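Engineer: Provide a 3D model corresponding to the input given below.
(2 chains)
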Amino acid sequence: MKGIEKLSRRDFLKRTGSATGGLVLALSFVGCGRRSVDTDVAAGANFVPNVYVSLAEDGTVEIYCHRSEMGQGIRTCLPQVIADEMDADWDRIRVVQALGDEKYGDQNTDGSTSIRRQFDLLRNAGASARDMLLGAAAARWQVDKAELTTGDHAVQHRASGRSLSYGELAADAAAQPVPDVVEFKAPADYRYIGKSMDLIDGYEMTTGQANYGIDTVLPGMLYASVERPPVYGGAIRSLDDAAARAVKGVVDVVRMPEPSSPPVFNPLGGVAVLATNTWAAQKGREALVIDWDDGENAVYDSATYREQLVETSRREGKTIMNRGDVATALGAATTVHEAEYYAPHLSQAPMEPPAATARLNDDGSCDVWSCTQNPQSVQQTVAGLLGIDKNRVRAHVTLLGGGFGRKSKADFAAEAAWLAKLTKRPVKVTWTREDDIRQGYLHSVSAQHMTAALDDAGKATAWRHRTVFPSIGSTFNAEASGPGGFELDLGFVDNPFDIANLRLETGDAKAHVRIGWLRSVCNIYHAFAVSSFADELAHVAGREPKDYLLELIGPPRRIDPADDGANYGNYGQSLDEHPIDTGRIRAVVEKTAELADWGRTLPAGQGLGIAVHRSFLSTVGVAAEVAVDDAGEMRVREMWLVIDAGRVINPDRVIAQMEGAAVFGLSLALHGEISAERGRIVQGNFDTYPVLRIDEAPDAIHAHIMDVDAPPGGVGEPGVPPVAPAIANAYFAATGIRLRELPFRTAPV
Amino acid sequence: MAIEITINDTTHTLDVEPDMPLLWAIRDVAGLTGTKFGCGKALCGACTVHVDGQPVRSCSYPVSAAAGRNVTTIEGLSADGDHPVQVAWRALNVPQCGYCQSGQIMTAAALLERNPAPTRAEIDAAMSGNICRCGTYTRIRAAIERAAGGDS
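Structural biologist: You can find the predicted model right below:
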């Protein structure tokens, strides 16, 4: 990155790619408005340069965190960027969680976007505040702004030895014009960016004082538990609620609105039991007698569906990208290798199940408190269901007890709002774990069919990859019949391999459940297939896997999938700033191998595996060391993760995300499976849908951040995709047995 | 019916059904929300509290069984959040989303109470009932060792 960067507002708008309306609002003044319980500008604030910052006369800086905290540390990292550019003292910062409001621009905390897409916006928020403080001091002292510096939460004029604190300047600064062009700090001057600041919420989280979606309590509130159709799209034939109403504490039993088709983010229907406490609501719900019409999705059976997916993947599909002539190369090859991979549905299973509380106000407006990743979607979904304007929905964002994509869907918040309207009382809806696992938005099931040709020297001359899975698009379009658009950008068309003949195809697959995104989305099954198959080819060629992987990646260069006819979105950002740079991918592989001491000799029954994957504009390499016992059971002893995410804000939070990704990836590799029978999800709780526990966690997880001078990439998701293939490759190294299915099915060696 | 329970040194008389899990009595009736709901079946440990010093899964522990006993929740573990386990948790920035950490801390505190210097294997055994979906396990181990006086 350059030293001092100047950014005009026009460039800024272009670079952030935000909707002009939202951003102009975001950069303009907001009045010192009403004070609400958790958000909006404090009454004492004198200086409100933009919607992200306010400064009071006592020097307190309030920073409005418009992104949702779900464990990635954004409530710590976002203020780091703003405070640094504002040159504000860290101990004078107060972090306020922003309401859902389009004035903040994009608030959808999803796609690992908070820093990679909003770094400039956040820098601008801080830098323009600082610029206006400088302007105020310059006017007060009648000196040129260029003679002034900042530090110690004050503006200084070195030449005359004068100093005015930020608080003293607040009122004057408010009268300064918002700058058209701001100057960003040189990285060498950063005080907080690049530093491992402690968690803003660390004290609250370790003392039981942190408030999550499930923790909202309002006077006179009812507690609701909802029995939803056991099969997606099902409807009530008959309902007998007499026994439910007889449960002590139950206040009412009501029907939910009919579900929509496509589902979008609307409630699923069913029957709600409302009570004076959660337990009574759950007990009442168990006493409901409902005869369900399961509808057309009762045919959904995972075993049968898998056969269909695999069958489709064996046939020629729709061409998504083509380079050279794969068919001819396969025909002429001395060695052709083929493999099929399968990965099932997954449930995000955040530790806090979806929970929301809503209140209808006398003026017809609605307040909703929820653990949402996307408060503007809460506004929109609730408004649509209640038939009011979205600006009359105040979407409060609590802490999220995990999200992983589940909580970007507003259905649970909409349920609470519907019930609050119906009962004319505040209502909290708490999903049970079974509700969460059975009736959420599942990560998609997929089949991958891989074929490659090798020449006499073992070099790959052709690569054909077919991917088949029901699409997230089906959540928004009932007619969607297979992989679409952005899903193919996730580890499929951005294939980095230097192979002369390359062909990518998809096939149709109809959805029978609500499909949604889960941490790193389609990258999970695409990386599993691509990185496992690369390792397979190395062994077929009789080559050392890491060297062979580097050979597949080829020389340092920049790749544009458009050159081979693909329509590639690059996670919404430009390939100029965020290239598919094989030089950087190679460097990650080499660093990963170095840290894992690749090439060392291991005892029998142990193995090392490696994988690399670029997603969300960052590249992560993973090496795993596994030990396999006679029963074929593996223990992952140690893992090494190396991330190139460009510039990072808080190294400790990046390391934490790598540690978490290692566990999340290991969890899905060893245990993750959701399946359906007669349209019903088989699994229900952590006994039938196990997730990784501490005694299965590696003895050590080593994470390393590449020091790369480049714009920031994503951090929350990119660690996950390479984990499962690195482990599968290690298992092969230990046993000679190839694992092509998630979760791994192991047998006695 | 009325059930008398001491929670964090304060005596509460709760008007609840005897089969109500202690978790919901603590959260919905006594109004202490630091103890979390994760599974309802004693599978995840998010709801861990101490009853007479012993860690229990409050989601599967009837409130009637706690009658006349001393219940300690995360809010009552220490006066100022300065229990060695809490201090270690903050020193190592263990939490990610933080949701499971009340239960993790209560389980860890109970472990150190009965075994002040646990081995790695003993830590894993004691903590294996507490799920962290964010994957903070390696830091949890290190924080327990730190609270125990180790060097982590």
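
Engineer: residue A:503 belongs to a helix, doesn't it?
Structural biologist: No. When DSSP: H, G, I helix; E, B strand; the rest coil is applied, residue A:503 is found to be strand, with no helix at that position.

Engineer: that one touches residue A:464, doesn't it?
Structural biologist: Yes. The criterion here is Cβ atoms under 8 Å, and residue A:503 meets it with residue A:464 at 4.7 Å. Every residue, glycine included, has its C-beta placed from N, CA and C.

Engineer: list the residues that contact both of the two?
Structural biologist: Shared contacts of residue A:503 and residue A:464 (Cβ atoms under 8 Å, 6 or more residues apart in numbering or on different chains): residue A:326.

Engineer: ok, which stretches of chain B are helices?
Structural biologist: Ranges of helices in chain B, per DSSP state H, are B:22-24, B:84-91, B:101-114, B:120-127, B:137-147.

Engineer: next, count neighbours for residue B:116.
Structural biologist: Using other Cβ atoms under 10 Å in any protein chain shown, residue B:116 has 10 other residues around it.

Engineer: what of residue A:141?
Structural biologist: Neighbours of residue A:141 using other Cβ under 10 Å come to 16.

Engineer: also the one 5 residues further on?
Structural biologist: Neighbouring residues of residue A:146 were enumerated by other Cβ under 10 Å; the total is 8.

Engineer: pretty sure it sits in a helix.
Structural biologist: Yes. If the criterion is three-state DSSP, then residue A:146 is within a helix.

Engineer: now the residue in chain B positioned nearest to chain A, nearest residue through space, not along the chain?
Structural biologist: At 2.1 Å from chain A, residue B:34 is the closest residue in chain B, using Cβ to the nearest Cβ. In this structure, residue B:34 finds its nearest non-sequential neighbour in residue A:208, 2.1 Å apart by Cβ to Cβ, 6 or more residues apart in numbering or on different chains.

Engineer: and if you look at residue A:239?
Structural biologist: Excluding its sequence neighbours, the residue lying closest to residue A:239 (Cβ to Cβ, 6+ apart) is residue A:290, at 5.3 Å.

Engineer: list the contacts of the most centrally placed residue in chain B.
Structural biologist: In chain B, the residue lying closest to the centroid (Cα atoms, centre = their mean) is residue B:106, at 3.0 Å. Residue B:106 makes contact with B:48-50, B:55, B:72-74, B:77, according to Cβ under 8 Å, 6+ apart.

Engineer: thinking again about what came up before, list the contacts of the residue nearest to residue A:239.
Structural biologist: Residue A:290 is in contact with A:227, A:236, A:238-240, A:271, counting by Cβ under 8 Å, 6+ apart.

Engineer: Provide a PyMOL selection command restricted to the buried entries of those residues.
Structural biologist: Buried residues among those (16 or more other Cβ atoms under 10 Å in any protein chain shown), as a PyMOL selection:
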select buried, chain A and resi 227+236+239+271
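
Engineer: out of the contacts of residue A:290, who's nearest chain B?
Structural biologist: Using Cβ to the nearest Cβ, residue A:227 comes nearest to chain B of the contacts of residue A:290, at 15.1 Å.

Engineer: can you show me the strands along chain B?
Structural biologist: B:2-7, B:10-15, B:48-51, B:54-57, B:70-72 (DSSP state E).

Engineer: repeat for the stretch 101-250 of chain A
Structural biologist: Applying DSSP state E, counting those that start in this stretch to the stretch 101-250 of chain A gives strands spanning A:148-151, A:154-157, A:162-165, A:181-184, A:222-227, A:235-240, A:250-255.

Engineer: could you list the domains of chain B?
Structural biologist: B:2-76, B:84-147 (automatic domain parsing).

Engineer: any chance of CSV for the ones you listed, columns mean pLDDT?
Structural biologist: Formatted as CSV, the domains of chain B follow (pLDDT from 0 to 100):
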stretch, mean pLDDT
domain B:2-76, 97
domain B:84-147, 98
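
Engineer: point out the most buried one among those domains.
Structural biologist: Highest mean neighbour count of the domains of chain B: domain B:84-147, a mean of 23 (counted as mean count of other Cβ atoms under 10 Å in any protein chain shown).

Engineer: that domain spans what distance, first to last residue?
Structural biologist: Using Cα to Cα, to the nearest Å, the end-to-end distance of domain B:84-147 comes to 5 Å.

Engineer: surely residue A:358 is within a helix?
Structural biologist: No. Counting by three-state DSSP, one finds residue A:358 to be strand, located in no helix.

Engineer: next one: the nearest residue to residue A:455 once chain neighbours are set aside relative to chain B, how far apart?
Structural biologist: Take residue A:455 and drop its neighbours on the chain: the residue closest to it by Cβ to Cβ, 6+ apart is residue A:461, 5.2 Å away. Distance of residue A:461 to chain B, computed by Cβ to the nearest Cβ, to the nearest Å: 40 Å.
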